[in-house]
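> Please find the sequence and the predicted model below.
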Amino acid sequence: MFEKLSQLPNDPILGLMVAFGEDSNPSKIDLGVGVYKTELGDTPVMASVKQAERDIWELEQTKLYIGPAGAPEFSTAIQSLLLGSSHPSLIDNRVATIQTPGGSGALRVAAELAKKGNPDATVWVSDPTWGNHIPLLSDTGLQIKTYPYYDVASHNVSFDAMLETLTQAKAGDLVLLHGCCHNPSGADLSQQQWQAVTQLASEKGFTPFIDIAYQGFGTSLDEDAYGVRLMAEQLPELLIASSCSKNFGIYRERVGSVILIAKNAEQARANGSQLARIVRGIYSMPPSHGAAVVAHILSNDNLRQLWLSELDGMRQRIFQLRGQLLTQLNAKGASSDFSFITQQSGMFSFLDISSAQVQRLRDEFSIYMTADSRINVAGVNSHNIDYLSSAIVSVL
């Protein structure tokens, strides 16, 4: 049985982690792994999270299971965070929410539900997209197709080509959209473009499937959720996969959720039961701790304000780093126009250099990024920005 299985290549990003760890160059820079880093290059526990953990340690009375759907207080809090507390879908009871092990768990559980609802469904995925989207979704047996998204020449969304391709999506298909801070390009849909995709979904009957892993890292919590709230209000069905890894900094706790917007309250209850059954058959029940932390922060006025302040600081730091990197590249005489870096949002941007140039940066300077030149802007700091910008200019 097992002798028939061959060794698979390393995941590209996980492989970068290993290579970076083994590199002895003291000037090495990791721009590959998608985690937030401070000026000192670490990923600490947020003060709001640390205080919430202290509170929970004092108050928690049991370690009983929390059930396949997760903690109700977490689901209520995350619904309000994503949709707003008075969203029409919440008032009409059209929402079913379950807690999952991270955003990846949310994506997989949502895909399993789609497979039950329409075994012949196609999932339309942006080109490019996060490297784990296609494995997570295709392993359910759903067919995958791509639509154009990022235009290298303009360093922006190739929206006309995207919209034209999505006219091929059929009723019962899923269209995966990045809610904000597109990974890997950093190029996001404008509000007008969200409106156009919403109109197309209404006309064609496909179901949008929004992955929102970086709410609060783009413009603001509310503005980053614009597309989610618009589609939840105007369309009969919507799937949302959310993650708390980045905006709460609780990567290893694996906290996410699936939110389903149904046509009516009855269908929401039915699909909520289906989601719980899927969970029961995969991992039975989600872990409790991280979700308890999130729920406690969002329900406590003082902790919520502290968290919002910390999140604002993280977002502002990334925005400032984009400007500083552009200034450094220009000062060192970069032959390419990198102004697009300051026009994109979130942790990621493409440098739009060749894979050969990416390899040179790794071989000659110990600067690590994915082969498509995606960088984690949060990996830049005042200690490495001069070295980084000099290296980039030298390989252009």
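Arrived safely, thanks for sending.

> which strands and helices sit next to the lowest-mean-pLDDT helix or strand in the chain?
In the chain, the helix or strand scored least confidently by mean pLDDT, DSSP states H and E is helix 12-22, which has a mean of 82. Using 3 or more Cβ pairs under 8 Å, 6 or more residues apart in numbering; DSSP states H and E, the elements in contact with helix 12-22 are strand 29-30, strand 367-368. C-beta coordinates here come from the backbone N, C-alpha and C atoms, glycine included.

> just so I know, which of those lies nearest residue 127?
strand 367-368 (23.7 Å; Cβ to Cβ).

> what pairs with that closest one, and is each one parallel or antiparallel?
Applying DSSP bridges to the sheet, strand 367-368 is found paired with strand 29-30 (parallel).

> which residues sit against the partner strand?
With contacts defined as Cβ atoms under 8 Å, 6 or more residues apart in numbering, strand 29-30 is touched by 16-17, 20, 365-368, 376, 379-380, 384, 387-388.

> now the helices and strands packed on helix 12-22 in a markdown table, with mean pLDDT, distance to residue 222 and mean neighbour count?
Formatted as a markdown table, the helices and strands packed on helix 12-22 follow (pLDDT from 0 to 100; distance: least, Cβ to Cβ, whole Å; neighbours: other Cβ atoms under 10 Å):
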| stretch | mean pLDDT | distance to residue 222 | mean neighbour count |
| --- | --- | --- | --- |
| strand 29-30 | 94 | 32 | 23 |
| strand 367-368 | 96 | 35 | 25 |
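
> Turn these into JSON lines, including distance to residue 294.
Shown next, in JSON lines, are the helices and strands packed on helix 12-22 (distance: least, Cβ to Cβ, whole Å):
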{"stretch": "strand 29-30", "distance to residue 294": "27"}
{"stretch": "strand 367-368", "distance to residue 294": "31"}
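
> Determine the number of other residues adjacent to the closest residue to residue 23 other than its chain neighbours.
In space, and not counting its chain neighbours, residue 23 is closest to residue 366: 5.1 Å by Cβ to Cβ, 6 or more residues apart in numbering. Neighbourhood size, residue 366 [other Cβ atoms under 10 Å]: 19.

> gap between residue 366 and residue 20?
Separation of residue 366 from residue 20 (Cβ to Cβ, to the nearest Å): 8 Å.

> Check residue 254 too.
Counting by Cβ to Cβ, the gap between residue 254 and residue 20 amounts to 23 Å.

> got it, and residue 284?
35 Å.

> Which residue of those two possesses the greater neighbour count?
residue 20 (19 against 10).

> Contact partners for that one?
Neighbours of residue 20 in contact, by Cβ under 8 Å, 6+ apart: 28, 30, 32, 368.

> ok, residues contacting stretch 376-393?
27, 29-41, 186, 314, 317-318, 321-322, 324-325, 328-329, 331-335, 341, 347-349, 351, 353, 361, 364-365, 367, 369.

> what is the mean pLDDT for that stretch?
Mean per-residue pLDDT for stretch 376-393: 95.

> Check the offset of that stretch from the chain's centre.
Offset of stretch 376-393 from its chain centre (Cα atoms, centre = their mean, to the nearest Å): 24 Å.

> buried sites along that stretch?
By 16 or more other Cβ atoms under 10 Å, the buried positions in stretch 376-393 come out as 376-381, 384-385, 388-389, 391-393.

> what's the span of it from first residue to last?
Terminal residues of stretch 376-393 lie 18 Å apart, using Cα to Cα, to the nearest Å.

> Report the separation between residue 223 and residue 364.
Counting by Cβ to Cβ - residue 223 and residue 364 are separated by 40 Å.
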